[in-house]
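Asks: Model the following, please.
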Amino acid sequence: MRKIELDIVALSHSVTQSHNYAVVLGEQHGSRRLPIVIGGFEAQAIAVAMERMTPNRPLTHDLFKNALETFTIDLKEVVINNLLDGIFYARLICEKNGDIFEIDSRTSDALAMAVRFNCPIYTYEFILDAAGVVLEEPEEKAATAKAGVRPRRKKGPAKGASLTTYSVDELNRLLEEVLTKEDYEQAAKIRDEINRRQEEG
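Replies: Down below sits the predicted model:
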């Protein structure tokens, strides 16, 4: 399967889960985003490495990196290779003396390691199809604004209503709205509801 390279484009506090965070991965040569909810510790581990901060004592991921380097093992890439029941799975692709080894990992830990080794992050098309969200192209937004056109919106269910009360058209419009606000976690929930309706249909 063809691998698609991703970049970490955002790391934010979860809107609905107070103790969790959302890391957003962006397709390098496309407009799709892959939001993944992670724990606070893993979010801190990613943020520390991205900001190039040096803690007084090594964090767990720093310790693992130091151990790999001590034994001349290089982390070549991280692959988010599966999605089952809403849980992402990942593998660390390591190299030692020309031999390649794959290590199973939680996705949040794999991302924390990828930032430390400055290695590429990949996933597959079927994962982006199932869990990705698409951003509206900036050119389209600019053209719409220049023409003074506002998208028509039908009156939908009241704010705060369950997603199950929305029609598919209303869900798609709501998805556009939350993407504009960069609320990727809510976008993921709406996308899951749309996918569920399509599977049932």
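
Asks: how about residue 127, what does it touch?
Replies: 34, 80, 82, 83, 88 (C-beta atoms under 8 Å, 6 or more residues apart in numbering). Yep, even glycine has a C-beta here, placed from its N, CA and C like the rest.

Asks: The second one pairs with what?
Replies: If I follow you right, that is residue 80. Residue 80 has these beta-bridge partners by DSSP bridges: residue 90, residue 123.

Asks: What are the boundaries of the strands in the chain?
Replies: 3-13, 20-27, 32-39, 74-84, 87-96, 99-106, 121-124, 133-134 (DSSP state E).

Asks: And those: which comes nearest residue 199?
Replies: Taking C-beta to C-beta, strand 74-84 is the member of those nearest to residue 199, at 14.3 Å.

Asks: If you count neighbours, what's buried in the closest one?
Replies: 75, 77, 78, 79, 80, 81, 83 (16 or more other C-beta atoms under 10 Å).

Asks: Relative to residue 90, how far out is the fifth one?
Replies: Plainly put, residue 80 is 5 Å away from residue 90 if you go by C-beta to C-beta, to the nearest Å.

Asks: Repeat that for the fourth one.
Replies: Per C-beta to C-beta, residue 79 is found 6 Å from residue 90.

Asks: Can you list the buried residues in stretch 103-111?
Replies: Here stretch 103-111 shows 105, 107, 108, 109, 110, 111 as buried, counting by 16+ other C-beta under 10 Å.

Asks: Quick check, pLDDT for residue 143.
Replies: pLDDT, residue 143: 40.

Asks: just the one 10 residues further on next, same as before
Replies: Looking at residue 153, its pLDDT is 40.

Asks: Next, format the buried residues of stretch 103-111 as TSV and append pLDDT and distance to residue 55.
Replies: Converted to TSV, the buried residues of stretch 103-111 look like this (pLDDT from 0 to 100; distance: C-beta to C-beta, whole Å):
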residue	pLDDT	distance to residue 55
105	97	21
107	96	23
108	95	18
109	96	17
110	97	20
111	96	18
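
Asks: quick one: which of those is nearest residue 51?
Replies: residue 111 (14.7 Å).

Asks: ok, the closest one touching residue 8?
Replies: Yes: between residue 111 and residue 8 there is a contact under C-beta atoms under 8 Å: 6.8 Å.

Asks: Find residues that contact each of the two.
Replies: 23, 46, 121.

Asks: Quick check: closest non-adjacent residue to residue 89.
Replies: The spatially closest residue to residue 89, leaving aside those adjacent along the chain, is residue 82, at 4.1 Å (C-beta to C-beta, 6 or more residues apart in numbering).

Asks: how's this structure carved up into domains?
Replies: 3-131, 137-200 (automatic domain parsing).

Asks: if you compare these, which one is most tucked away?
Replies: Stretch with highest mean neighbour count among these: domain 3-131 (a mean of 16; mean count of other C-beta atoms under 10 Å).

Asks: Give the residues shared as contacts by residue 80 and residue 90.
Replies: 107, 110.
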